[in-house]
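Enquirer: Structure here, sequence nowhere to be found:
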């Protein structure tokens, strides 16, 4: 089992920045790819950014390209999401997820472990 704990969410004005962190504990050795997702009420959970364990290749949703950066610290079993130039439409609950696979995926159903979520609110 892997436990994921997110932190770093909060309230920020449009144009501001936040950095989300996701710390993993438990059975963290292995080929875990990591992803960040977000969800707003009434909408499906969507992929924001992801990184493949095997290659370190990153992928971003078109809506966040150039503004968000996913990174990882394998020694700390932590994945980060640096968010800049935030917009009101970025407001959502953000979740990190781990997948027992060397390659990442944009599908939420492909992930095995999830954090509890952290609220990000961007005011206009």
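Expert: Sure thing, it's come through. As the structure is a computational prediction, the values presented were derived from the model and not from experiment. Numbering: from 1, shown residues only.
Enquirer: count of neighbours near the closest residue to residue 78 other than its chain neighbours?
Expert: Nearest in space to residue 78, with sequence neighbours left out and distances taken as Cβ to Cβ, 6 or more residues apart in numbering, is residue 23 at 5.0 Å. C-beta: built from backbone N, CA, C; applies to glycine. If you count neighbours by other Cβ atoms under 10 Å, residue 23 ends up with 17.
Enquirer: Quick check: next helix or strand after the one helix or strand residue 23 maps to?
Expert: If you go by DSSP states H and E, residue 23 is part of strand 18-26. Next along the chain after strand 18-26, taking DSSP H and E as the criterion, comes strand 32-39.
Enquirer: Can you give me the buried ones in that following strand?
Expert: Buried residues in strand 32-39, counted by 16 or more other Cβ atoms under 10 Å: 32, 33, 34, 35, 36, 37, 38.
Enquirer: For beta bridges, what are the partners of the residue nearest in space to the middle of the chain?
Expert: Closest to where the C-alpha atoms of the chain average out (Cα atoms, centre = their mean) is residue 36, at 2.0 Å. Residue 36 forms beta bridges with residue 49, residue 96, as assigned by DSSP bridges.
Enquirer: how much space is there between it and residue 124?
Expert: Taking Cβ to Cβ, to the nearest Å as the measure, residue 36 falls 23 Å from residue 124.
Enquirer: what number of residues lie near the residue nearest to residue 61 when sequence neighbours are not counted?
Expert: Leaving aside its chain neighbours, residue 61 sits nearest to residue 48 (5.4 Å; criterion: Cβ to Cβ, 6+ apart). Residue 48: 25 surrounding residues under other Cβ under 10 Å.
Enquirer: Surely residue 48 and residue 36 touch.
Expert: Yes: using Cβ atoms under 8 Å, residue 48 is in contact with residue 36, at 4.6 Å.
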